[in-house]
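Asker: quick one, structure for this:
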Amino acid sequence: MATSVSPERTPVKLALGSAARSIRKRLALTQVAFAQKVLLRQNTLSRIESGCFTPGPAKLLRFLRLAATEDERGPILKAMEAHGFRACDLSPSLVDFREDFPPSGSTTNSQREDIKDA
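Answerer: Next up, the predicted model:
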């Protein structure tokens, strides 16, 4: 008989979950809408928000781009450190995010030009 092992909820995972939830609520998005925005499934976002799961660096970077406060950024950066990344290793261009930037693949030529000029 297989036993179910509950994932360990570490302080880093719990803080990340709180930060993710804070970002989502500040943006007034449902879990489904926010998960789509950060390219996750809703059930994965739920596991992150409950402190059961930490995504990889690429997904964490998506959260970081949406973080607006130090309370939101700090736990995300801590989770990235757990993957071997330090805040000083991140280029500002990786973290810069324009809220009005549409999802990848749906930009128009004029939008691409606006982004190059920014």
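
Asker: what's next to stretch 11-18, contact-wise?
Answerer: 48-54, 63, 74-76, 78-79, 82 (CB atoms under 8 Å, 6 or more residues apart in numbering). Yep, even glycine has a C-beta here, placed from its N, CA and C like the rest.

Asker: pLDDT at residue 3, what is it?
Answerer: Looking at residue 3, its pLDDT stands at 44.

Asker: quick check: residue 40 vs residue 78, distance?
Answerer: 19 Å (CB to CB, to the nearest Å).

Asker: comparing the two, which residue is more hemmed in?
Answerer: residue 40 (21 against 18; other CB atoms under 10 Å).

Asker: ok, now which ones touch the nearest residue to the more buried one once chain neighbours are set aside?
Answerer: In this structure, residue 40 finds its nearest non-sequential neighbour in residue 59, 6.4 Å apart by CB to CB, 6 or more residues apart in numbering. The contact partners of residue 59, by CB under 8 Å, 6+ apart, come to 38-40.

Asker: same question, residue 32
Answerer: residue 42.

Asker: in the protein, where's the longest helix?
Answerer: helix 11-26 (DSSP state H).

Asker: buried set for that helix?
Answerer: 13, 15-17, 19-24 (16 or more other CB atoms under 10 Å).

Asker: could I get those residues as TSV with distance to residue 34?
Answerer: TSV is the format used below for these (distance: CB to CB, whole Å):
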residue	distance to residue 34
13	18
15	18
16	14
17	13
19	12
20	8
21	9
22	11
23	8
24	4
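
Asker: buried ones in the helix or strand in which residue 60 is found?
Answerer: If you go by DSSP states H and E, residue 60 is part of helix 57-66. Buried residues in helix 57-66, counting neighbours by 16+ other CB under 10 Å, are found at 59-66.
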